[in-house]
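>>> requesting a structural model of the entry that follows:
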Amino acid sequence: MKRFLLFLSLILLSFFSFGQSLKNWSTTAKLGNGFIVAHRPSVVHVLQKHCRSFELNFTKSTEKRGGWEELYNFPEIGFGYQYFNLGNPQELGSAHGFFSLIKMKLFKLKTSYFKTHLGLGVGYVSKPFNINDNYKNLLVGSNINATITTGIEYQIKLSKKSEFTSGINLTHYSNGGSNVPNMGINLAMLNIGLVYHLNDVNQIKKDTFHLDRSEAFEILVAGGIKQIYPPNSPKYGVGIITADYLWPIKNKSVFTVGADAFLDKSHKAFLLQDSIITDGVDGFFRGGIHIGYGLRVGKCTGIIQTGYYLFNPNKIDASIYNTLSFRYHVNEQWFVCFNLKSHFARADYFQYGIGYHL
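Numbering: from 1, shown residues only. Now for the predicted structure:
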């Protein structure tokens, strides 16, 4: 702990010493208290005490006019770190997260305002499942995971450069099914903290800017790896081909409709566990259609989709599936994507891919 505090002090000293060259930057430190959400009865036995958290982030206010920054009332972008004591040092240990971050202003009161934030990054869990000495932890099966953090916070001005912040934060850790078990760690936290701006806080500008959006067609190809029960079983390749048609809703949102083709080599092994032998496409292929909603922020688009399997001959999983997709447009035609496919609250696998925008 002493080494961590020394490291934190060095970061803060460096941050303030270079203050003149870090125009429009701010730092936020938060302390939190909360719990792991017991989303399955099989995980209740490892949830012993409330969780504690610490967060440190650095963000820069955007200023560019005539683009997406003005459309979203000049949000803040940056990076952050989270630490969680998971309330069970023997079986859960602690969790760390490093993530990119965006904060958006919702609405302003006289001397305060509400914000929402979204962070995406890499997480580390110190005590994952181990079949020999930690077999009760069914939440996460690997040290390295993806982490997603979001929430709503209320900030009130204390001085020209400082603010008090409080809010609700939700954080998720998961490896996307690359190692089982993988029910995921879902943390709900209440937090308080302080915000320090290197410059005086600017007034929030009204959203009066509009961008012209047009209908578009996108196709993407993505892949990943997946493991099925029992633990320590082989890993299998998975892939997806998705075609989407996108309709703009005003100038921030899009509505999507499309089709998916899923290739999953784990199906044949899963069915073989029940002495079911399959040949041909039945052992690895499923197809479906979906609808979704997306939000565009600059070159990035976040899309939530719900689909239905039209071809699922062996009835593996439920008929409904969900996809959370993050797409970054490298240029006007090409984009890269990161997807999470799930069946309700159970993650199926992560997908990494490339797409083309027409």
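>>> can you pull the domain assignment for the chain?
As assigned by automatic domain parsing, the chain contains the domains 25-197, 216-357.
>>> so what's N130 up against?
N137 (C-beta atoms under 8 Å, 6 or more residues apart in numbering). Backbone N, C-alpha and C define where each C-beta goes, glycine included.
>>> and Y135, how far from G355?
Separation of Y135 from G355 (C-beta to C-beta, to the nearest Å) stands at 40 Å.
>>> who has more neighbours, these two?
G355 (21 against 12; other C-beta atoms under 10 Å).
>>> can you show me the strands along the stretch 201-350 of the chain?
216-227, 235-249, 253-264, 285-297, 300-311, 320-329, 334-343, 346-357 (DSSP state E, counting those that start in this stretch).
>>> tabulate those strands (CSV), appending mean pLDDT.
Formatted as CSV, those follow (pLDDT from 0 to 100):
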stretch, mean pLDDT
strand 216-227, 93
strand 235-249, 93
strand 253-264, 94
strand 285-297, 93
strand 300-311, 94
strand 320-329, 93
strand 334-343, 92
strand 346-357, 91
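>>> a markdown table for these, including distance to P41?
Converted to a markdown table, these look like this (distance: least, C-beta to C-beta, whole Å):
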| stretch | distance to P41 |
| --- | --- |
| strand 216-227 | 23 |
| strand 235-249 | 28 |
| strand 253-264 | 27 |
| strand 285-297 | 28 |
| strand 300-311 | 25 |
| strand 320-329 | 22 |
| strand 334-343 | 18 |
| strand 346-357 | 14 |
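>>> shouldn't N73 be in contact with K103?
No. Look at N73 against K103 with C-beta atoms under 8 Å: they stay out of range, at 10.8 Å.
>>> more neighbours: these two, which one.
K103 (21 against 18).
>>> return the residues in contact with that one.
Shown in contact with K103 (C-beta under 8 Å, 6+ apart): T59, P75, E76, I77, K115, T116, H117.
>>> now do 10 Å
With contact set as C-beta atoms under 10 Å, 6 or more residues apart in numbering, K103 has these partners: 26, 28, 57, 59, 61, 75-78, 80, 115-119, 153, 155.
>>> next step: the residues you listed restricted to strands.
By the criterion of DSSP state E, membership of these in strands covers 26, 28, 57, 59, 61, 76-78, 80, 115-119, 153, 155.
>>> next one: V122 from N143, what distance?
From V122 across to N143, the span is 11 Å (C-beta to C-beta).
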